[in-house]
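> model the structure of this input:
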Amino acid sequence: MDRARSSESKSGIKAVILDYGEVLCYSPTPEEWARMAGLFGVDPLPFRKLWDRNRLLYDRGDLSPEAYWSAVAKDAGTQLTPQQLPSLRQLDVEMWAHENPVMVEWLKQIHSSGIRTGLLSNMPHDMIRHVRQKFAWLEHFDHQTFSAEVELIKPDAAIYEHSLRGVEVRASEALFVDDKEPNVQGARAVGMRAIQLRSMEQFVSDLEGLSFPILPGLKSSSLGGAAL
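Here you go, the predicted structure:
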């Protein structure tokens, strides 16, 4: 029995679908959040709420970069100059581009085993272009679903169903991994098995609980911050 069939026989999982942010990449550093918040003249902690406020609309493609960042500025009580916008857009993609090598290596191992792989991410067009240009390891995904391209966002059921069609498995045969609880619950609501990634130790333990034999290496105890 080859590795893929062995994995399937124990766990019943024929496909693994991964989120991008804070799964395949680390979260931005406090310094990066502070730098961005400084452009709006606000403190980093309240700024994250302003950044989040219209983010799903931006991720779904409802808002252009100009409209999204103008809305953030308005909520912060300021205005952006035309000269600031390109730098802000670049900083936004760069701060979400610190790859997590442990999870990237795990992706490669899964893909080489014959298990189907999918990427399912809430991501705006700026970030989609950046990751496709920067990360050759995207080739280890059999299918990629980006919210801005399909005009759907997690945790809407339709975006999970789109990803499942892409990897060509039933919901019960797929494992979904995300850092956000609402997105994990959304996957479970359509019948997928799902794990919320909070730490590598917890993640490995949850994989073992599913009898999934391909485990990521333990190189860090936390997913917070970029370990570069």
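> run a quick neighbour tally on Glu139.
9 (other Cβ atoms under 10 Å). C-beta here means a position set from N, CA and C on the backbone, and glycine is covered the same way.
> repeat that for Leu50.
Neighbour tally, Leu50, other Cβ under 10 Å: 19.
> and if you look at Pro101?
17.
> hmm, who's touching stretch 159-173?
Residues outside stretch 159-173 that contact it (Cβ atoms under 8 Å, 6 or more residues apart in numbering) are 12-15, 17, 116-118, 120, 142-145, 147, 150, 152-154, 174, 176, 186-187, 190-193.
> can I get it in CSV, CA atoms only?
Provided in CSV are the C-alpha atoms of stretch 159-173 (Å, rounded to 0.1, in the frame of the first residue of the first chain):
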residue,chain,number,x,y,z
ILE,A,159,-16.7,29.3,-1.2
TYR,A,160,-16.1,26.0,0.6
GLU,A,161,-18.2,24.2,-2.1
HIS,A,162,-16.2,25.9,-4.8
SER,A,163,-12.9,24.7,-3.3
LEU,A,164,-14.3,21.1,-2.9
ARG,A,165,-15.2,21.1,-6.5
GLY,A,166,-11.7,22.2,-7.3
VAL,A,167,-10.1,19.3,-5.4
GLU,A,168,-12.7,16.9,-6.6
VAL,A,169,-13.7,15.3,-3.3
ARG,A,170,-16.8,15.2,-1.1
ALA,A,171,-16.9,17.4,1.9
SER,A,172,-16.6,14.4,4.3
GLU,A,173,-13.3,13.5,2.5
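> whichever of the contacts of stretch 159-173 end up buried, select them in PyMOL.
Per 16 or more other Cβ atoms under 10 Å, the buried members of those correspond to this PyMOL selection:
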select buried, resi 13+14+15+17+116+117+118+120+142+143+144+145+147+150+152+153+154+174+176+186+187+190+192+193
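> list the ones among the contacts of stretch 159-173 that fall in helices.
Among the contacts of stretch 159-173, the members found in helices (DSSP state H) are 147, 150, 186-187.
> nearest to Ser27, of those residues?
Ser27 lies nearest to Ser147 out of the ones in helices among the contacts of stretch 159-173, by Cβ to Cβ, at 18.6 Å.
> and the closest one, what does it touch?
So Ser147 contacts 59-61, 121-124, 153-154, 159 (Cβ under 8 Å, 6+ apart).
> take those and keep only those in strands.
Ser121 (DSSP state E).
> just the closest of the contacts of Ser147 to Ile110, please.
Ser121 (16.9 Å).
> what is the neighbour count of Pro182?
Pro182: 11 neighbours (other Cβ under 10 Å).
> same for the helix or strand it falls within, what does it pack against?
For Pro182, the host element (DSSP states H and E) is helix 181-189. In terms of contacts (3 or more Cβ pairs under 8 Å, 6 or more residues apart in numbering; DSSP states H and E), helix 181-189 is packed against helix 157-167, strand 174-178, strand 193-196.
> which parts of the longest one are buried?
Going back to what we said before, that points to helix 157-167. 159-160, 162-164, 166-167.
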